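Visitor: following is a predicted model, sequence given first.
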Amino acid sequence: MLICLTIAFAGCRKKEVPPATVVSGKITVNIDYVAGNRPLILDTVTFTNKTGNIYSVTTLHYYLSGFRFYKNNELQHYCSKIAYVDARIPGTSHFELTELSGMKVGTYDSVSFYIGIEPALNTTNSLPASLENIGMGWPDAMGGGYHFLKLEGHWNDGGTVSGYAMHLGTNNYQVKAGVACKVVVDKVANGQLNMTMNINEWYTNPYDYNFSTDGLFSMGVATLMQKLTENGADVFRGK
């Protein structure tokens, strides 16, 4: 009798089906830019940050790396992609994540990443020797590796227009950023991650950055790079 009952229960038990995983495809990342509530137009001294600085953007170069996809605050998948972005070249603001082997089919509700290069990979000459990567090199005498961000332009200082350059680099100053979003992944993983960078957010929250009092050139200045690093955590928002 006991043997029969055991067999009967075993027959009724549902077979556990492992979650389906991606076997091919990509997730396309799409980035656009605003300054406050206005679309970013390069080379125009018309945007105003939290402290009232009127500024332009002439250069916006940066890396994104270490993409991590979450569902209900639990890490589900890691992607090692390193993407170089130049806001002046629209094609670089649209790139593909293809390191998706083992990613579970489903809907992801947030993504985190570095603005910069993950610490373990941020060493001099670790990236291919393209013109872009060479141009983003950080001097060995200052720690080596790569620039994480070059945000440059001009600002109107009481009628006098002068330049500024917000640069980040070295392993203490990767920006740990993330967005709430909806990324739907099916068996072939042709998903979309759509994000907007708000330039004004580099200059506020938690620190209100003022060109007049903080300085125009951040490279190698620990206090200024720290402010930009913390402000950068929420420069992106998901769409």
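Guide: In hand now; what should we look at?

Visitor: thought residue 29 was touching residue 195, still the case?
Guide: Yes: with contact defined as Cβ atoms under 8 Å, residue 195 and residue 29 form a contacting pair (7.1 Å). (Each C-beta comes from the backbone N, C-alpha and C, glycine too.)

Visitor: tell me which of these two has more neighbours.
Guide: residue 29 (23 against 20; other Cβ atoms under 10 Å).

Visitor: and that one, helix, strand or coil?
Guide: strand (DSSP: H, G, I helix; E, B strand; the rest coil).

Visitor: would you map the helices across this structure?
Guide: 2-12, 131-135, 211-214, 222-231 (DSSP state H).

Visitor: least confident of those, on average?
Guide: With a mean of 43, helix 2-12 has the lowest mean pLDDT of the helices of the chain.

Visitor: start and end of stretch 156-173, how far apart?
Guide: Distance between the two ends of stretch 156-173: 28 Å, counting by Cα to Cα, to the nearest Å.

Visitor: please read the previous query as pertaining to stretch 42-52.
Guide: 19 Å.

Visitor: in that stretch, what counts as buried?
Guide: Within stretch 42-52, the residues that qualify as buried by neighbour count (16 or more other Cβ atoms under 10 Å) are 47-50.

Visitor: and if you look at stretch 220-236?
Guide: Buried, per 16+ other Cβ under 10 Å, within stretch 220-236: 224-225, 227-229, 231-236.

Visitor: residues in contact with the closest residue to residue 44 other than its chain neighbours?
Guide: Nearest non-adjacent residue to residue 44, counting by Cβ to Cβ, 6 or more residues apart in numbering: residue 56, 5.4 Å away. Residues counted as contacts of residue 56 (Cβ atoms under 8 Å, 6 or more residues apart in numbering) are 42-47, 153-155.

Visitor: quick one: which of the residues you listed is nearest residue 74?
Guide: residue 47 (38.1 Å; Cβ to Cβ).

Visitor: for the protein, what helix or strand is lowest in average pLDDT?
Guide: Ranked by mean pLDDT, DSSP states H and E, the weakest helix or strand in the chain is helix 2-12, scoring a mean of 43.

Visitor: what's around residue 173, how many residues?
Guide: If you count neighbours by other Cβ under 10 Å, residue 173 ends up with 21.

Visitor: ditto for residue 205
Guide: Neighbours of residue 205 (other Cβ under 10 Å): 15.

Visitor: and if you look at the one 3 residues further on?
Guide: Applying the criterion other Cβ under 10 Å, we find 15 residues in the vicinity of residue 208.

Visitor: that one contacts residue 51, correct?
Guide: Yes: here residue 208 lies in contact with residue 51, judged by Cβ under 8 Å, at a distance of 5.2 Å.

Visitor: skipping its backbone neighbours, what lies nearest residue 61 in space?
Guide: residue 150 (4.3 Å).

Visitor: quick check: beta-bridge partners of that neighbour?
Guide: residue 61, residue 167 (DSSP bridges).

Visitor: wait, residue 97 touches residue 22, no?
Guide: No: at 10.9 Å, residue 97 does not count as touching residue 22 under the criterion of Cβ under 8 Å.

Visitor: give me the common contacts of those two.
Guide: By Cβ under 8 Å, 6+ apart, no residue touches both residue 97 and residue 22.

Visitor: can you give me the strands for the chain?
Guide: According to DSSP state E, the chain carries its strands in the segments 27-35, 38-39, 47-48, 54-55, 59-71, 74-86, 94-97, 106-115, 147-157, 160-169, 175-185, 191-198, 236-238.

Visitor: show me the shaky parts of this structure.
Guide: Residues of the chain that meet the criterion pLDDT under 70 lie in 1-19, 23.

Visitor: related to what we said a few turns ago, got a list of what the residue nearest to residue 61 touches?
Guide: Going by Cβ under 8 Å, 6+ apart, the list of residues near residue 150 reads 59-62, 136, 165-167.
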